[in-house]
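A.B. asks: I need the structure of the sequence given here:
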Amino acid sequence: MKSFFCAWITCVLGFAPIVAASFPPDLEKLEKHITAISEDITNSVVHIKVEGSLNNKKFSSMGSGFVVAKDGTILTNHHVIDNNLRVLVKFNNDPREYDAKVLGSDDSTDVAVLQVDAKEAKNLRPVTLGKSKDAQVGQWVLAVGNPYGLDRTVSFGIISAKGRNMPQAPVLNDFLQTDAFIAPGSSGGPLLNMHGEVIGINSRGGSGLGFTIPIETALEVKDKLLKNGGIKRGWIGVQLQPMEFELRKQLKLSDTNGVMISQVLRTSDFYGRLKPLDIVMKVNGEPVSVVESKDLQPLIRKLSDLPIGKEIRLEVLRGTKTQEVRGIVRERPPLEGKKWQSVLGFVAMEITEPIADRLQFDKTQGVYISHIEAGSAAQQAGLTTGDIILFAESKPVFSIDDTKNIFLVDRPQYLMQILRGRTYYYILLKK
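C.D. replies: Model prediction:
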């Protein structure tokens with residue numbers, strides 16, 4: 001009866017029977033290939049759980065990583081394991097969690113190296129490594145993570161761009177940009193090409209864009225961390241910007257050579273020798289050309305590799321005249337100092353040289369208020385963001401440890417001397 005009814009409807013109303021569309025052989029072959037790659041990588045991608053502490057508050061977070069050696073070495077992101085007290089790793093199809101040791105971590109490239117005990121976590125499967133420099137824009141890629149410790153998460157997309165710079169992310173990187181979705185918790189997982197080779201570590205994602213650290217960068221950082229326990233980088237203390245077309249036109253420059261100096265930091269050895277609008281044409285005799293933002297990060301990386309304490313020669317175009325300027329390469333200072341959050345409603349941060357330059361502080365000793373909690377005792381006392389704490393309870397404050405030692409002593413109130421701009425104040429902070 002049912003078949004008769006369907007036939008009657010088709011005949012009377014003229015509906016054609018619905019027939020499944022045939023699947024082109026090439027697409028079917030591609031689908032099977034992608035499935036095979038994602039299945040093959042499953043046991044190499046790990047779930048990372050972090051138990052940490054920030055501003056005296058406990059937290060837990062998660063991310064991903066992948067095995068690169070049979071001795072249990074794992075690559076992930078620095079921001080995944082930052083501020084950790086304990087790092088746990090979980091493998092696919094294994095209910096156990098393994099304590100991981102942080103062998104090294106580098107905030108400047110967002111790369112971290114972990115290791116689990118290979119005798120405990122058996123049957124480790126290292127990934128196959130590829131080369132990001134061989135990747136082409138438009139090439140298909142897979143972004144893989146293990147955000148929940150259950151199984152892999154796989155996204156399919158293309159490489160949208162290479163050599164991307166992210167001003168909001170203060171890292172030394174020339175990112176691969178992809179439209180393959182990087183799910184929350186998938187940071188630290190691998191980006192694979194269609195050969196199943198890892199060409200990068202997925203670092204950041206959002207708004208339909210993903211940014212991946214080239215695998216060459218990650219491996220270079222890994223080797224330095226394992227060899228030296230940390231990385232010291234060169235720093236000349238200048239901010240640079242590309243020589244884009246409209247800028248060259250305004251400055252009446254005919255060629256595309258050079259990179260412009262936009263700021264010279266006071267802690268630089270070049271302070272007073274270089275000026276904004278100077279154009280660096282050569283570094284140690286080697287020509288420089290930065291036309292687009294994608295050209296800038298490779299140059300910054302190159303400058304960071306300069307030997308600390310050695311002299312560097314810059315050929316500089318100032319106006320219409322070219323001159324040579326020499327200076328000493330210094331060690332790159334930390335981007336941010338230590339932080340501490342008081343229960344009284346303020347966050348104190350140590351004043352590093354970059355912060356002093358950025359905020360135009362004359363002092364590099366002491367701590368400054370980086371955040372005030374609305375409605376807190378700190379706000380009611382009149383503290384504001386940017387205040388520098390000089391003394392508290394008649395004791396000098398030079399560091400976060402000094403701050404903690406004073407404010408962790410239970411008192412009904414604290415008498416503080418602060419510097420706001422160029423004016424000194426006394427503030428009574430009551431509990």
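A.B. asks: and residue 233, backbone torsions?
C.D. replies: According to degrees, to the nearest 10, the main-chain angles of residue 233 amount to phi -120, psi 150.
A.B. asks: separation between the residue most central in space within the chain and residue 80?
C.D. replies: The chain has residue 110 as the residue nearest its centroid, 4.3 Å off, counting by Cα atoms, centre = their mean. For residue 110, the distance to residue 80 equals 9 Å [Cβ to Cβ, to the nearest Å]. Quick note: C-beta positions are derived from backbone N, CA and C, even for glycine.
A.B. asks: which parts of stretch 227-235 are buried?
C.D. replies: 231, 233, 234, 235 (16 or more other Cβ atoms under 10 Å).
A.B. asks: tell me if I'm right that the third one and residue 304 touch.
C.D. replies: Right, the one you point to is residue 234. Yes. Using Cβ atoms under 8 Å, residue 234 makes contact with residue 304 at a distance of 5.4 Å.
A.B. asks: which parts of the protein are helices?
C.D. replies: 2-13, 25-41, 78-81, 215-228, 245-250, 296-304, 353-359, 377-381, 400-407 (DSSP state H).
A.B. asks: ok, and what's touching the shortest one?
C.D. replies: Yep, that's helix 78-81 we're talking about. 48, 50, 61-65, 87, 102, 105-107, 109-112, 114, 187-188, 203 (Cβ atoms under 8 Å, 6 or more residues apart in numbering).
A.B. asks: narrow the residues you listed to those in strands?
C.D. replies: 48, 50, 61-65, 87, 102, 105-106, 111-112, 114, 203 (DSSP state E).
A.B. asks: just name the most buried of the helices of the chain.
C.D. replies: Compared across the helices of the chain, helix 78-81 shows the largest average neighbour count, a mean of 22 (mean count of other Cβ atoms under 10 Å).
A.B. asks: could you export that helix as CSV, CA atoms only?
C.D. replies: In CSV, the C-alpha atoms belonging to helix 78-81 read as follows (Å, rounded to 0.1, in the frame of the first residue of the first chain):
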residue,chain,number,x,y,z
HIS,A,78,54.0,28.5,26.1
HIS,A,79,50.7,30.1,26.9
VAL,A,80,49.2,26.6,27.4
ILE,A,81,51.5,25.8,30.4
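A.B. asks: how far off centre is stretch 271-281?
C.D. replies: 28 Å (Cα atoms, centre = their mean, to the nearest Å).
A.B. asks: compute the first-to-last residue distance for that stretch.
C.D. replies: 18 Å (Cα to Cα, to the nearest Å).
A.B. asks: buried sites along that stretch?
C.D. replies: Neighbour counts over stretch 271-281 (16+ other Cβ under 10 Å) mark 274, 278, 279, 280, 281 as buried.
A.B. asks: dump those to JSON lines, plus distance to residue 210 and pLDDT.
C.D. replies: Below are these laid out as JSON lines (distance: Cβ to Cβ, whole Å; pLDDT from 0 to 100):
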{"residue": "274", "distance to residue 210": "37", "pLDDT": "95"}
{"residue": "278", "distance to residue 210": "36", "pLDDT": "93"}
{"residue": "279", "distance to residue 210": "34", "pLDDT": "93"}
{"residue": "280", "distance to residue 210": "32", "pLDDT": "95"}
{"residue": "281", "distance to residue 210": "36", "pLDDT": "94"}
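A.B. asks: could you flag which of the contacts of helix 78-81 are buried?
C.D. replies: For the contacts of helix 78-81, buried by 16+ other Cβ under 10 Å: 48, 50, 61-65, 87, 102, 105-107, 109-112, 114, 187-188, 203.
A.B. asks: follow-up on the earlier one: next step: the buried residues of stretch 227-235 restricted to strands.
C.D. replies: Of the buried residues of stretch 227-235, the ones assigned to strands by DSSP E are 234, 235.
A.B. asks: least confident pick among the buried residues of stretch 227-235?
C.D. replies: The member of these with the lowest pLDDT is residue 231, at 84.
A.B. asks: and that residue, what does it touch?
C.D. replies: Per Cβ under 8 Å, 6+ apart, neighbours of residue 231: 106, 108, 221, 224, 225.
A.B. asks: out of the helices of the chain, nearest to residue 126?
C.D. replies: Closest to residue 126 of the helices of the chain, according to Cβ to Cβ: helix 25-41, at 11.0 Å.
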